[in-house]
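Engineer: structure of the sequence below:
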Amino acid sequence: MLTKKGKYGLKAMVHLAGRIPGETTLVTDIADTNDIPKKFLDTILGELRNAGFVNSKKGKGGGYTLAKPAHEIRVGHIIRVLDGPLAPIQCASKSSYRRCDDCADEKTCSVRLIMLETREAIATILDNRTLAEMRALAKTEEAEFMYNI
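Structural biologist: Numbering: from 1, shown residues only. Predicted coordinates:
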């Protein structure tokens with residue numbers, strides 16, 4: 001399940017993807033626009049900065065910008081930085097695999113087998129979608145809403 005940290009991080013990244021490249025955005029603006037607690041967002045943006053997804057600038061004209069173009073940033077990568085592995089259970093994880101203590105035979109464990117399939121489906125979607133595509137989805141939904149009123 002996506003945590004609030006992951007959800008807020010994605011919202012912040014989509015917000016930054018909607019800005020003019022290189023134009024800084026204040027944390028307060030991101031937080032207010034997306035209904036994210038500012039203090040929590042500070043922590044999230046710090047993690048995203050450390051992972052190389054955003055740049056920060058202090059002082060006058062400071063704020064956050066994307067470190068790379070939105071079309072180069074994969075949604076799955078953002079989620080892994082903020083929430084960890086995509087797998088629902090550790091024995092199905094590629095990056096943080098750990099055998100279950102209560103499993104007699106991994107090769108025939110029906111829980112593990114379905115969770116491996118689930119992990120692959122999740123990764124297929126999230127690792128093949130970019131931040132730019134995510135931003136475009138929001139704009140499409142907004143346009144459809146405006147025309148259906």
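
Engineer: residues contacting the nearest residue to residue 106 once chain neighbours are set aside?
Structural biologist: Leaving aside its sequence neighbours, residue 106 sits nearest to residue 112 (Cβ to Cβ, 6 or more residues apart in numbering; 5.7 Å). Any C-beta I mention is one placed from the backbone N, CA and C, and that applies to glycine too. If you count contacts by Cβ atoms under 8 Å, 6 or more residues apart in numbering, residue 112 has them with 89, 91-92, 100, 103, 106.

Engineer: make TSV from those residues and add pLDDT and neighbour count to it.
Structural biologist: Listed next are the contacts of residue 112 as TSV, based on pLDDT from 0 to 100; neighbours: other Cβ atoms under 10 Å:
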residue	pLDDT	neighbour count
89	83	16
91	85	17
92	83	24
100	81	14
103	81	13
106	81	13
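
Engineer: element containing the residue nearest to residue 106, please.
Structural biologist: In this structure, residue 112 sits in helix 110-126 according to DSSP states H and E.

Engineer: and that helix, C-alpha only, in PDB?
Structural biologist: Presented in PDB, the C-alpha positions along helix 110-126 are these (Å, rounded to 0.1, in the frame of the first residue of the first chain):
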ATOM      1  CA  SER A 110       0.700 -20.000  -3.000                       C
ATOM      2  CA  VAL A 111       0.900 -16.700  -1.000                       C
ATOM      3  CA  ARG A 112       4.400 -16.000  -2.300                       C
ATOM      4  CA  LEU A 113       3.500 -17.000  -5.900                       C
ATOM      5  CA  ILE A 114       0.600 -14.600  -6.100                       C
ATOM      6  CA  MET A 115       2.600 -11.800  -4.400                       C
ATOM      7  CA  LEU A 116       5.300 -12.300  -7.000                       C
ATOM      8  CA  GLU A 117       2.700 -11.900  -9.700                       C
ATOM      9  CA  THR A 118       1.300  -8.800  -7.900                       C
ATOM     10  CA  ARG A 119       4.800  -7.300  -7.500                       C
ATOM     11  CA  GLU A 120       5.500  -7.800 -11.200                       C
ATOM     12  CA  ALA A 121       2.200  -6.200 -12.200                       C
ATOM     13  CA  ILE A 122       2.800  -3.200 -10.000                       C
ATOM     14  CA  ALA A 123       6.400  -2.700 -11.200                       C
ATOM     15  CA  THR A 124       5.400  -3.100 -14.800                       C
ATOM     16  CA  ILE A 125       3.000  -0.100 -14.500                       C
ATOM     17  CA  LEU A 126       5.000   2.100 -12.200                       C
END
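
Engineer: I'm done for today, thanks for sticking with me.
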